[in-house]
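Student: predicted coordinates and the sequence they were generated for:
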Amino acid sequence: MSDAAQPTAAEVRAAAEAVKTALDRHLAAVERRTGEDDPAVYEAFNQLAAAAEAYDELLYDRYDEVTPFEIPAADDSLPPYAGPEEPNALSVLIRRDYAVADQQRLLGQAQRVEAAEYTGGADADSRASGTVHGALGLLFGEFEPDEIASRHKEFGLEEGDSTLWVVAAEEPAEPGEWLEAPFEQVDPQRVVCRFDVSSVFDDDLDDLEAADGIEETGDIDDVDEVEDIDDVEDAVDDVDVDVDDDLDTDLDEDGEDGEDGEDGDPGPLDADRVGRASRAGRVDR
């Protein structure tokens, strides 16, 4: 990084002010939101993310420092939006991957559907539910994709990655226009938003939690040190108790000679022993 490429301190300060403004706008949008998918909240979120990313880059270029802000990586794979400002149509592209985890469960569900729908008494060789691909065709023809997604375990399926893209368009497509190649010619610059689900995100979270656990080991060592100190104190108390027992024996012998107080009351040494034993008890607790 050359000195000529460094931003000025004023530019960094301006970027910080932009983050503050974006934070206020985001909070205001959240407070006024009309539902879970309020577009104003999404817009304010994107503006805040862009402002935070710009500030992070300027801060690093100028001062070699970073912020704790983390921008979702999924948006980085898309170019800046260049679609219509006021789209008159949209396309929702969805991909969900599954693994066939339990063939018997899958075939059993398909056979129940086939038995309810078809009562012609077809033999086993001609039934669609007799093969995995036939069973899949029956189930996806009978149930909506969202229902299969929510009940995938019942159908012997295991979820994989999934993604949903919302693509803006100037005008609705003509009927049958894209049916031959429904997922081709998607312009990334017209993607309004996308939502990805993958186990790789869970792995990243596990790595972060593991790192946090390593940082916390110092506290655990401190606890062990405290326990060691307690052990030392317990050992000292044991010595006190042994000495007290010896003193008690001596005092009892002295008491038989009539050197204690009247009516067997403990003398000064006995009182001192009782006090130390009490202090030892408090340390044990």
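Tutor: In hand now; what should we look at? Bear in mind that the values here come from a model prediction, so they are computed numbers and not experimental data.
Student: quick one: the strands in the stretch 1-150 of the chain?
Tutor: If DSSP state E, counting those that start in this stretch is used as the criterion, the strands of the stretch 1-150 of the chain fall at 89-100.
Student: where does it dip in pLDDT?
Tutor: Across the stretch 1-150 of the chain, the ranges flagged by pLDDT under 70 are 1-4, 71-77, 119-127.
Student: and the helices in it?
Tutor: 9-31, 39-63, 103-117, 132-142, 145-150 (DSSP state H, counting those that start in this stretch).
Student: following the shortest one, which helix or strand comes up?
Tutor: With elements assigned by DSSP states H and E, the helix or strand that comes after helix 145-150 is strand 157-169.
Student: same for that following strand, what does it pack against?
Tutor: strand 89-100, helix 145-150, strand 191-197 (3 or more C-beta pairs under 8 Å, 6 or more residues apart in numbering; DSSP states H and E). Quick note: C-beta positions are derived from backbone N, CA and C, even for glycine.
Student: put the alpha carbons of it into CSV.
Tutor: In CSV, the C-alpha atoms belonging to strand 157-169 read as follows (Å, rounded to 0.1, in the frame of the first residue of the first chain):
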residue,chain,number,x,y,z
LEU,A,157,-34.8,-37.6,2.8
GLU,A,158,-31.9,-35.6,4.3
GLU,A,159,-31.6,-31.9,3.6
GLY,A,160,-28.6,-30.5,1.7
ASP,A,161,-27.8,-27.0,0.6
SER,A,162,-30.6,-24.7,-0.6
THR,A,163,-30.9,-21.2,-2.1
LEU,A,164,-33.6,-18.8,-3.1
TRP,A,165,-33.1,-15.9,-5.6
VAL,A,166,-35.5,-13.1,-6.2
VAL,A,167,-35.0,-11.6,-9.7
ALA,A,168,-36.6,-8.4,-10.9
ALA,A,169,-38.0,-8.0,-14.4
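Student: what angle do that strand and helix 132-142 make?
Tutor: With axes from the mean of the first three to the mean of the last three C-alpha atoms, to 10 degrees applied, the angle from strand 157-169 to helix 132-142 works out at 50 degrees.
Student: flag every buried residue along strand 157-169.
Tutor: Leu157, Trp165, Val167, Ala168 (16 or more other C-beta atoms under 10 Å).
Student: this completes my enquiry, with thanks.
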